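Enquirer: Fold the following for me, if possible:
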Amino acid sequence: QVQLVESGGGLVQAGGSLRLSCLASGSIFSINDMGWYRQAPGKQREFVAAISSGGMTRYADPVKGRFTISRDNAKNTVYLQMDSLKPEDTAVYSCKADVRRSVWSSWMDYWGKGTLVTVSS
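Expert: Numbers count the residues shown, from 1 in each chain. Predicted coordinates for the structure are as follows:
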């Protein structure tokens, strides 16, 4: 089994900052890409940011210049530093990891349950 657990969400005023963390644990041989997605009330889930095992990053246009994704491979943890938050950033943020459970296994995507970020105006 592989579990992803997010933390760090909460209520913040517009212009403020939050740092999300996502820890992957369980039967893990290797992790490739790790990423963050969000789903606002009444909307589809959307991509936020991703980072490869080598540290290459990509971001959705609405968060470029405000959010920074990073990871600690030794801890199987991915982070999302969110600055200059806006009310439209309010959503449940979930992490995803592309995991290989053994040398004989194929790569599979695993998801966390999410953490709520609320930005007040």
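Enquirer: got a list of what the most centrally placed residue in the chain touches?
Expert: Geometric centre of the chain, nearest residue: residue 36, 2.8 Å, by C-alpha atoms, centre = their mean. Going by C-beta atoms under 8 Å, 6 or more residues apart in numbering, residue 36 touches 20, 22, 48-50, 69, 78, 80, 93-96. Backbone N, C-alpha and C define where each C-beta goes, glycine included.
Enquirer: With pLDDT, distance to residue 60 and secondary structure added, can I get those residues in TSV?
Expert: As requested, the contacts of residue 36 are exported to TSV (pLDDT from 0 to 100; distance: C-beta to C-beta, whole Å; DSSP: H, G, I helix; E, B strand; the rest coil):
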residue	pLDDT	distance to residue 60	secondary structure
20	98	15	strand
22	98	17	strand
48	98	6	strand
49	98	7	strand
50	98	9	strand
69	98	11	strand
78	98	16	strand
80	98	12	strand
93	98	12	strand
94	98	14	strand
95	98	15	strand
96	98	14	strand
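Enquirer: Just the closest of those residues to residue 59, please.
Expert: residue 49 (4.8 Å; C-beta to C-beta).
Enquirer: Mind giving me the ChimeraX command for buried ones among the contacts of residue 36?
Expert: Provided next is the ChimeraX selection string for whichever of those are buried by 16 or more other C-beta atoms under 10 Å:
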select :20,22,48,49,50,69,78,80,93,94,95,96
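Enquirer: In CSV, list the contacts of residue 36 along with distance to residue 120.
Expert: Below are those laid out as CSV (distance: C-beta to C-beta, whole Å):
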residue, distance to residue 120
20, 18
22, 24
48, 20
49, 23
50, 28
69, 24
78, 26
80, 19
93, 16
94, 21
95, 24
96, 27
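Enquirer: chain center to stretch 90-106, what's the gap?
Expert: 10 Å (C-alpha atoms, centre = their mean, to the nearest Å).
Enquirer: how far does it stretch from start to finish?
Expert: End-to-end distance for stretch 90-106, by C-alpha to C-alpha, to the nearest Å: 34 Å.
Enquirer: do stretch 52-59 as well
Expert: OK, stretch 52-59 end separation, C-alpha to C-alpha: 12 Å.
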